[in-house]
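Trainee: dropping the sequence and predicted coords here.
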Amino acid sequence: MRMKKLGRTDLDVSELCLGSMTWGSQNTMDEGHAQIDMALDHGVNFIDTAEMYPVNPVLVETIGKTEEVIGEWFARTGRRDEVILATKISGAGQRMVRDGAPISAKTIREAVESSLRRLQTDVIDLYQLHWPNRGSYHFRQNWAFNPSAQPRGATLDNMLDVLEEMQRQVDAGRIRHVGLSNESAWGTAQWLRIAEEHGLPRVASIQNEYSLLCRIFDLDLAELCHHEDVGLLAFSPLACGLLSGKYGPDRIPEGSRRSVAPELGGRVSPRVWPAIDAYLAVARKHGLDPVQMALAWCRTRPFMGSVIFGATSLKQLETALGAAELDLSDEVLKEIRVAHKAHPMPY
């Protein structure tokens, strides 16, 4: 497992990051612990979670359970120092967490304290803002995205307020570094500018969706993150399992994510099936596992910090971990580019 420096921090993170959002719902605590054990045995040192996890669906009675699974693993094993731990604060719109209050200095203090308690640790290595208070174009909201109603002055004031609180959390030793999630190029640039102007914590990463099927990041954000040393933490690199080939228009395996979320967050569309077929054809031609090909391709991107993947079984996890040792040939990469040009925006 190769390591990368995350942004301009002192964190050396594995190229693959273990996602956790099924622990506490689709996966039991023991299954979550088994996944952590296997991932660390394969060289992964990076785990991503969030205060609102597990998801699919998000329920009042399960919020925070995923962090509790990780906290119990730390308590049971005493291996906290072997893990780079990332979690996230929810914000405006998530009514089941603090009644949907936007991210502010006050909610950060409350959320950090609660996460530390559930995680049974003294410090969070990477503390991320789950989504901007002002909204964003992610999760298929790009089709109707209109930033004209965003309050610019209030947005910038809030960013300063948040970064000042993050500095207090860093000074208190509760968090080490700050990251974004579901952000835009403009938003990321403002966070960086305000941090530099005021001597406040600099964002190290941005956790946005990225896969063979979702490549919005490739343009302005790719350029910004390359030049400003902000690492992408790619979530849904398998497009919720679509790129594994296990789904079809009328094929939904029992117990799969699509069995509880049929549209997979808007990823299922008439255009998606020909695109999947094109990538599966590349994998078949070259004798590659499609899961490993999709994850290994993400690893090739010049702005990548780490690729976050999840699994609901140890068999799925073992397959995904194999992507760490797969280097794609120039011919495979060329055929992937051809497939992308033919199917540039499947959902």
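Mentor: In hand now; what should we look at?
Trainee: R271 - nearest residue in space that isn't next to it in sequence?
Mentor: Nearest in space to R271, with sequence neighbours left out and distances taken as CB to CB, 6 or more residues apart in numbering, is P346 at 4.7 Å. Quick note: C-beta positions are derived from backbone N, CA and C, even for glycine.
Trainee: right, and Q26 touches Y53 too?
Mentor: No - the criterion here is CB atoms under 8 Å, and Q26 misses it with Y53 at 11.1 Å.
Trainee: of those two, which one has the most company?
Mentor: Y53 (28 against 19; other CB atoms under 10 Å).
Trainee: which pLDDT value goes with that one?
Mentor: Reading off the confidence values, Y53 has pLDDT 98.
Trainee: need phi/psi at it.
Mentor: Main-chain torsions, Y53, degrees, to the nearest 10: phi -70, psi 150.
Trainee: tell me the contacts of it?
Mentor: For Y53, the contacting residues are 20-21, 23-24, 63-67, by CB atoms under 8 Å, 6 or more residues apart in numbering.
Trainee: how about a cut-off of 6 Å?
Mentor: By CB atoms under 6 Å, 6 or more residues apart in numbering, the residues touching Y53 are 21, 66.
Trainee: from M345, how far off is it?
Mentor: Taking CB to CB, to the nearest Å as the measure, Y53 falls 28 Å from M345.
Trainee: just to be sure, D122 is in a helix?
Mentor: No - judged by DSSP: H, G, I helix; E, B strand; the rest coil, D122 forms no part of a helix; its state is coil.
Trainee: now for it, how many residues are close by?
Mentor: Neighbours of D122 using other CB under 10 Å come to 9.
Trainee: right, and H138 touches N182 too?
Mentor: Yes - H138 is in contact with N182 according to CB atoms under 6 Å; the separation is 4.4 Å.
Trainee: surely the residue nearest to R271 touches L213?
Mentor: Yes - assessed by CB under 6 Å, P346 is found in contact with L213 at 5.1 Å.
Trainee: got the buried residues for stretch 116-123?
Mentor: Buried residues in stretch 116-123, counting neighbours by 16 or more other CB atoms under 10 Å, are found at 116, 118-121, 123.
Trainee: what part of this protein, helix or strand, is modelled with the least confidence?
Mentor: Sorting the helices and strands of the chain by mean pLDDT, DSSP states H and E puts helix 257-260 at the bottom, at a mean of 90.
Trainee: list of residues touching it?
Mentor: For helix 257-260, the external contacting residues (CB under 6 Å, 6+ apart) are 56, 240-241, 247, 252, 264.
Trainee: which one of those residues sits closest to D277?
Mentor: Of all these, Y247 has the smallest distance to D277: 11.6 Å, by CB to CB.
Trainee: what about the closest residue to the closest one other than its chain neighbours, neighbour count?
Mentor: The shortest distance from Y247 to any non-neighbouring residue, by CB to CB, 6+ apart, is to R258 (5.8 Å). R258 has 20 neighbours, counted by other CB under 10 Å.
Trainee: R258 and K246, how far apart?
Mentor: From R258 across to K246, the span is 9 Å (CB to CB).
Trainee: what about stretch 214-230, distance to the chain center?
Mentor: Centre-to-centre, stretch 214-230 and its host chain are 15 Å apart (CA atoms, centre = their mean, to the nearest Å).
Trainee: end to end, how far does that stretch reach?
Mentor: Terminal residues of stretch 214-230 lie 19 Å apart, using CA to CA, to the nearest Å.
Trainee: what does it rub up against?
Mentor: Counting by CB under 6 Å, 6+ apart, 7-8, 185, 188, 192, 206, 208, 210, 232, 303 sit against stretch 214-230.
Trainee: so for P346 and L213, which sits in the more crowded spot?
Mentor: Neighbour tally, P346 and L213, criterion other CB under 10 Å: the higher count belongs to L213, 26 against 22.
Trainee: check which helix or strand the residue lying closest to the more buried one once chain neighbours are set aside maps to.
Mentor: Spatial nearest neighbour of L213, excluding adjacent residues (CB to CB, 6+ apart): A239 at 4.6 Å. Under the criterion DSSP states H and E, no helix or strand holds A239.
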